[in-house]
Each structure stands twice: as structure tokens, then as C-alpha cells.
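**Student:** turn this into a structure:
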Amino acid sequence: MQEVRQEHFYNIGVSYKKADANTRGKFSLSKESQKSLLTLAKEKGFEGVFVLSTCNRTEISGFAERPCQLIELLCEFSEGTIQEFAKFSNVYKDQEAIHQLFRIGTGLESQILGDYEIVGQLRQSFKMAKALKTTNAYSERLINSVLQASKRVKNETRLSSGTTSVSYAAVQYIIKNLPDYNSKNILVFGLGKMGKHTCKNLAEYTQNKQVSLINRTEEKATEFVKEHATIRKALIQNLSKEVAKADVLIVSTGADKPTITTSHVASNKELLILDLSMPENVAKDVANFGDVTLVNVDELSKITDETLAIRQQEVPLAEAIIETHKSEFNSWLNHRRFTPTIAALKQSLENIKKDEINFQKKKIANFDEDQAELLTSRFIQKITTQFVKHLKDEETSVSQSLQVINKVFQS
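**Tutor:** Sure thing, here's the model as predicted:
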């Protein structure tokens, strides 16, 4: 087994900030690859290691002598190369690595600011590492601190509030603008990523049981409604009839030209149309019908932009919460680091005291051993307390101080 000197805690990886989807895909790790990577990390003697792999990032955190040891692990179990990693990577060490994990866990590093999905992914990643016994007291305490900070950010700030996607914004628009939205006939036209998210958001945020779905490829719609029993499948050839029955039409067809024109829409019926497509898939002249309200992506994006502006204002609050929990973690870390040295210092002083009392007993007649014991014990207590205060001081370099104490008292 290779012996690894666990000198530094690293966080290495690629994310959406520098790497595009194609590059991130190369470094992505399946659950099986993550398990294999962690197993090999354990065999090589690495400690505190866990892996986070999502659509936006793949990162390894853990102890190593040099970051390249963790980078080699990542490249061994992914399709990415060390050369590619060097171009698009982030490498954080010790306090920077700790800070990065706090930012990830609170949504500050998410592609959509405040996206809370990352918290569950982080929790699951650490759970896997713990099951494979690659974590240690350091990484466990750190992740617990990150999750505590994350919970406070979620509960005490608006960093994760409001709408952040067009499909979610569409559903929120319906909720805000139609008082009896649960009893309205809603037709979703198009089952790409946007259409699927819209259907799921309708199911999650409303109790409407009158949602119909039309897709140009019927098989996809058939498969989708099998898994979503409250949604009814309608046929593309009946598009005009289905639009005529609808109170709300959500268009997410993703075509190059309009898929909804004036020929599909009755001129004397109230209809709310939400066009989620880019370019627009609802012909502009549809809005000329007096009873039709047409809302496009730009309009819906304002809801998203407003939300992100609100979230941006919450960043300093989130950062203050992070600093509190990071400070608590570092206090624990420093205490953990200096406790053995302070214990050794105390033992060294106790040995000096014992030798000195024995020496004085032989030299001084009627030597008061009890009084000497009491006095020297108080000296030792005061000396060790001063050292602890010094080590806890924010300006102190703990590692250098520990080296000096060890050198002086354990030589």
C-alpha cells in the first residue's frame, strides 16, 4: 500500500464556470465510477475523500500530499485528460478548499444562484463515501458544518426564493394571474425539456387535474403520460379542437417557425397563451385577437430576472452565515491540532517539576513538598493556558507555533 502524507486538504475539479457541457461530460463520473474511484483512493491511503459529480460540476475533495494525486484519480475514472483538466480546472487548498465547499453547499456556486438541489447531491455524495469508509473526522465535521450553514441560508435568507426557470415562471404566472387556475383547462403543446418541466411544475405547484398534452411525436407523449397519470394525452391532428377547449395554452415546441397561428385560435374566446419557445413559436398576429393574452419568454424572464436580483441582494447575508460556521469549524480544527501538543507540553513541564521537587527535597531540610507541588502546578496551568490563548489568536500561525513548542519541549 502506498503511504500518503496527508499534508493538505484539497478540492479539485471542473465546473460550468470554465468548462462547457461537452468538457464537463468528459469528466463526469457515474455512480459506479465514483465507487471505484473511492475504493482505489482508500487502497492508496488517501483520507477524507468524497466525490461530487453533477451536470454542472465534478469535484474531488480530500487529503493528499499534492493535488496531482487527486487529479490523476479523476482522470483515471473519467474520459478527461490531465491536459484538459489543466485548461478548465479549479484547484483549492486548505482554507480555500474549505471556503469553496461552503459556497457550493449554500448555493453560491450554483449555475442558477441559490439553486438548492446541490445540497441533496452533496449529502448523497458524502453518504456514499462514508459507506465506503473513505471519510474521516475532518471531512465529516466539515460537511456537517456546511450543511448547517446551508440550512440557515435556506431558512434565514431569500437566496433560494422565487422563480428561476422559464417553465417555473410560467406556472407561477398562471397561479398569480388566474384566481381559479385549478379549474381551468390547460393545454401543454410540446414535450421537450421545457415542456416536461412545465408539466412537472403544474403537478407540483397546482392541484389542476385538467392538464392535456400534445406532442408532435406521439410515442413520447404516450410514454410521459404513463408516468404522470393526472395528465391526458391529446392528438396532434386535434390541435385546433384542443386549443378551442383550453383556457390556458403553454407552447414549448422549440421549432424554427410558429407552430400556433391564427388558424388554431378562436377569435371570440378568452385564452391565455404562454410561449416558452425561443425563437417564438406563436405567431405575433395571434395577439391581435382581443380575448387572447399572449406572454412570451422575455416577459416570463422578467420574473426570473427579478428573482435573481432579489437573490443577489441576499448574498452578503449568506456569506456572513458562512463565515460564522467556517470560524466554528476552524476553531474546532485548530483545537484538534494543538490539543496533543498542549498535552505533551504539560507532560514535559510535569516531568521538569517532578525532577526539580526531587532535587530540592535532597538539598533542603524540612522541604515542604505539598507547598511546592501546589505552587508549581499553578505555574504549569498558567503557562499552558497562555500557550492555548496564543494558539487561538487569529494572527497566530498554528503550524509554526506547534513546531516551536515541539522543538523546545520535546527535544
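**Student:** buried set for stretch 292-301?
**Tutor:** Within stretch 292-301, the residues scored as buried using 16 or more other C-beta atoms under 10 Å are Val292, Leu294, Val295, Asn296, Val297, Leu300, Ser301. Placement of C-beta: from N, CA and C, glycine included.
**Student:** columns pLDDT, secondary structure and distance to Lys35 on top of these, output as TSV?
**Tutor:** What follows is these, written out as TSV (pLDDT from 0 to 100; DSSP: H, G, I helix; E, B strand; the rest coil; distance: C-beta to C-beta, whole Å):
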residue	pLDDT	secondary structure	distance to Lys35
Val292	87	strand	54
Leu294	90	strand	50
Val295	87	strand	46
Asn296	83	coil	46
Val297	78	helix	41
Leu300	80	helix	41
Ser301	71	helix	40
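**Student:** break the protein into its domains for me.
**Tutor:** 8-161, 166-305, 334-409 (automatic domain parsing).
**Student:** now do the buried residues in the helix or strand where Ile174 lies.
**Tutor:** Per DSSP states H and E, Ile174 falls inside helix 166-177. Within helix 166-177, the residues scored as buried using 16+ other C-beta under 10 Å are Val166, Ser167, Tyr168, Ala169, Ala170, Val171, Gln172, Tyr173, Ile174.
**Student:** hmm, what's the outermost residue in this structure?
**Tutor:** Ranked by distance from the centre of the chain (C-alpha atoms, centre = their mean), the top residue is Ala365, with 71.1 Å.
**Student:** backbone phi and psi for that residue, please?
**Tutor:** phi -70, psi 140 (degrees, to the nearest 10).
**Student:** nearest to Asn215 among the buried residues of stretch 292-301?
**Tutor:** Proximity of the buried residues of stretch 292-301 to Asn215, judged by C-beta to C-beta, is greatest for Val297, which lies at 19.7 Å.
**Student:** stretch 110-130: how far from the chain's middle?
**Tutor:** From the chain centre to the centre of stretch 110-130 is a distance of 4 Å (C-alpha atoms, centre = their mean, to the nearest Å).
**Student:** can you check stretch 28-47 too?
**Tutor:** On the basis of C-alpha atoms, centre = their mean, stretch 28-47 is displaced by 20 Å from the centre of the chain it belongs to.
**Student:** can I get that stretch as CSV, trimmed to CA atoms?
**Tutor:** C-alpha atoms of stretch 28-47 as CSV (Å, rounded to 0.1, in the frame of the first residue of the first chain):
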residue,chain,number,x,y,z
SER,A,28,-18.5,13.3,-15.3
LEU,A,29,-18.4,10.2,-13.1
SER,A,30,-21.2,7.7,-12.9
LYS,A,31,-22.2,6.2,-9.5
GLU,A,32,-20.2,3.1,-10.3
SER,A,33,-17.1,5.1,-11.4
GLN,A,34,-17.4,7.2,-8.2
LYS,A,35,-17.4,4.0,-6.1
SER,A,36,-14.4,2.6,-8.0
LEU,A,37,-12.5,5.9,-7.5
LEU,A,38,-13.2,6.0,-3.8
THR,A,39,-12.2,2.3,-3.4
LEU,A,40,-8.9,3.0,-5.1
ALA,A,41,-8.4,6.2,-3.1
LYS,A,42,-8.8,4.1,0.1
GLU,A,43,-6.3,1.5,-1.2
LYS,A,44,-3.8,4.2,-1.9
GLY,A,45,-4.1,5.6,1.7
PHE,A,46,-6.0,8.8,0.9
GLU,A,47,-8.2,10.1,3.7
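**Student:** contact partners of it?
**Tutor:** Contact partners of stretch 28-47, identified using C-beta atoms under 8 Å, 6 or more residues apart in numbering, comprise 1-4, 6, 49-51, 53, 55, 58, 60, 62-64, 69-70, 73-74, 76-78, 125, 128-129, 132-134, 136, 138-139.
**Student:** one more: stretch 294-314?
**Tutor:** With C-beta under 8 Å, 6+ apart, stretch 294-314 has contacts from 112-114, 157-166, 169-170, 172-173, 272-278, 280, 282, 286-287.
**Student:** which ones among these map onto strands?
**Tutor:** Leu272, Ile273, Leu274, Asp275 (DSSP state E).
**Student:** for these, which one is nearest Pro316?
**Tutor:** Nearest member of the ones in strands among the contacts of stretch 294-314 to Pro316, counting by C-beta to C-beta, is Leu274, at 34.5 Å.
**Student:** keeping just the C-alphas, turn the lowest-mean-pLDDT helix or strand in the chain into CSV.
**Tutor:** Within the chain, no helix or strand scores below helix 398-409, which has a mean of 73 by mean pLDDT, DSSP states H and E. Below are the C-alpha coordinates for helix 398-409, written out as CSV (Å, rounded to 0.1, in the frame of the first residue of the first chain):
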residue,chain,number,x,y,z
VAL,A,398,-0.7,27.4,14.4
SER,A,399,1.6,25.1,12.4
GLN,A,400,4.7,27.2,13.1
SER,A,401,3.9,27.6,16.8
LEU,A,402,3.3,23.9,17.2
GLN,A,403,6.7,23.2,15.6
VAL,A,404,8.4,25.6,18.0
ILE,A,405,6.7,24.1,21.1
ASN,A,406,7.5,20.6,19.9
LYS,A,407,11.1,21.5,19.2
VAL,A,408,11.7,23.3,22.6
PHE,A,409,9.8,20.9,24.9
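**Student:** off-centre distance for that helix?
**Tutor:** That offset, for helix 398-409, works out to 37 Å (C-alpha atoms, centre = their mean).
**Student:** and the contacts of that helix?
**Tutor:** With contact meaning C-beta under 8 Å, 6+ apart, helix 398-409 is reached by Asn334, Arg337, Phe338, Thr341, Ala344, Leu345, Ser348, Leu349, Phe387, His390, Leu391.
**Student:** kind regards, and thank you for your time.
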